[in-house]
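In: Kindly return the folded structure for what I paste below:
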Amino acid sequence: MTEANNRSYVGIDAIVQTCSKVYPDQLNPTQAASVVKYWLGGSECLDYISIYHNQGNDTSPAHWHYVTFGFTDLHGDGRV
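Out: Numbering: from 1, shown residues only. All right, here's what the predicted structure looks like:
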């Protein structure tokens, strides 16, 4: 088992690693989080939202990129 599996954040780690490849200069993006996670009895379906600024390019204007954490098995244990 990897360290990520021991911590039980395999889904979160996968999303964060992918975002760090797309936005290597934004290691600590703005993040919103639900107060009580859905799997703990809360009403919010998303655990977290990370917000990155995309500078844009020739085919895409500058914009904010919202990456959601939820609706999937973020912890590798089937709690959602």
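
In: center of the chain, which residue is that?
Out: Nearest to the mean C-alpha position of the chain, by C-alpha atoms, centre = their mean, lies residue 69 at 4.2 Å.

In: Could you confirm that one falls within a strand?
Out: Yes. Checked against DSSP: H, G, I helix; E, B strand; the rest coil, residue 69 lies within a strand.

In: so the residue of the chain most remote from its centre is in which element?
Out: Distance to the chain centre peaks in the chain at residue 58, reaching 26.8 Å (criterion: C-alpha atoms, centre = their mean). Counting by DSSP states H and E, no helix or strand carries residue 58.

In: before we move on, the earlier item: give me the neighbour count for the residue nearest to the residue nearest to the centre of the chain when sequence neighbours are not counted.
Out: Computed as C-beta to C-beta, 6 or more residues apart in numbering, the closest residue to residue 69 that is not its neighbour in sequence is residue 48, at 4.0 Å. Quick note: C-beta positions are derived from backbone N, CA and C, even for glycine. Under the neighbour criterion other C-beta atoms under 10 Å, residue 48 is assigned a count of 17.

In: Need phi/psi at residue 48.
Out: When read as degrees, to the nearest 10, the backbone of residue 48 gives phi -150, psi 160.

In: for it, what are its contacts?
Out: Neighbouring residues of residue 48 by C-beta atoms under 8 Å, 6 or more residues apart in numbering: 12, 31, 32, 33, 34, 68, 69, 70.
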